[in-house]
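Participant: Model the following, please.
(one chain, ligands or ions: 1)
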Amino acid sequence: MRKQIAAANWKMNLTYQQAEQLLDGILQEKVAPGPDQQVLFAVPFPYLVLAKSEVDEEQGYAIAAQNCSDKVNGAYTGETSVEMLQSVGIRYCVLGHSERREYFSESNELLARKIDLCLEYGIQPLFCCGEALQVRESGQEAAYVQKQLEDSLFHLDDEQIRSVIIAYEPIWAIGTGKTASAQQAQDMHAHIRSVLAQKWGKDTADSISILYGGSVKANNAAELFTCPDVDGGLVGGASLVAQDFVEIIKALKS
Ligand code: PGA
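Facilitator: Here you go, the predicted model:
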């Protein structure tokens, strides 16, 4: 089975002390991910090293960055390179979250460059895609998401795409409390997988984890994750509450 993943996206939340407390609270529940399950914490840059040292001993738990630079290194004040992430042992990086696309003008083309750098440095990108409300209301969501995939991923070869994790996050469901229905999630995930299959073949498409994100909560995770093409979730708000995120981990398919 392809990996089933519960990924926490802390965004720009929590002080260092609160972050430690949250991580401790989750780890002390001792939920042991199975061989096909993975738990990720996408934490702010200053906490990467601490968080990594906390989960290093825990099988099935790992830390992700929330972003990286599209430049290799040099005079780019305030940026964080993929090489820096690699040098502190980070193996995952969220890319193309809709907040980065919206507030920091990240384009599909820029994201293609970040994806390439991550893969070059052995970091698995967690590539986010998803449509805004007006796109869905006009019935264009399938074509819109397909273009995001084409522009940012279609230059990859088979081995490279197998290292990418995809997160489908309809923008209208992020932080709004309005979750996509299980059927809406399944339909889009099946569409994404068919787009991948047309480009790289069915075997490759079937090996890629596609997470759902957008108001995943402890009380709706199981229904969403049961869908055949939903391989877990990228979780914002509910990942900031230890008990809620623990329930979401437990809802992963095993
Ligand atoms: P949310 O955020 O769970 O708070 O909707 C999800 C995300 O933005 O990754």
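
Participant: CA only for contacts and neighbour counts going forward, please
Facilitator: Fine.

Participant: in the sheet, who's paired with the most centrally placed residue in the chain?
Facilitator: Centroid check for the chain by C-alpha atoms, centre = their mean gives Leu126 as the closest residue, at 4.2 Å. Leu126 has these beta-bridge partners by DSSP bridges: Val94, Ile165.

Participant: just checking, it touches Leu111?
Facilitator: No - contact criterion C-alpha atoms under 8 Å: Leu126 and Leu111 do not qualify, at 11.2 Å.

Participant: overlap in contacts of the two?
Facilitator: Shared contacts of Leu126 and Leu111, defined by C-alpha atoms under 8 Å, 6 or more residues apart in numbering, are found at Leu95.

Participant: for Lys199, what are its contacts?
Facilitator: Counting by C-alpha under 8 Å, 6+ apart, Lys199 touches Phe154.

Participant: Please report phi then psi for it.
Facilitator: Phi and psi for Lys199, reported as degrees, to the nearest 10, are phi -90, psi -50.

Participant: how near is it to Leu110?
Facilitator: Separation of Lys199 from Leu110 (C-alpha to C-alpha, to the nearest Å): 21 Å.

Participant: can you check Tyr92 too?
Facilitator: 18 Å.

Participant: more crowded one of these two?
Facilitator: Tyr92 (27 against 16; other C-alpha atoms under 10 Å).

Participant: Against Trp10, how distant is the more buried one?
Facilitator: From Tyr92 to Trp10 the distance is 14 Å (C-alpha to C-alpha).

Participant: Name the residues of this protein found near the ligand, please.
Facilitator: Selection of the chain residues close to the ligand by C-alpha under 6 Å from any ligand atom yields 9, 173-175, 213-216, 234-237.
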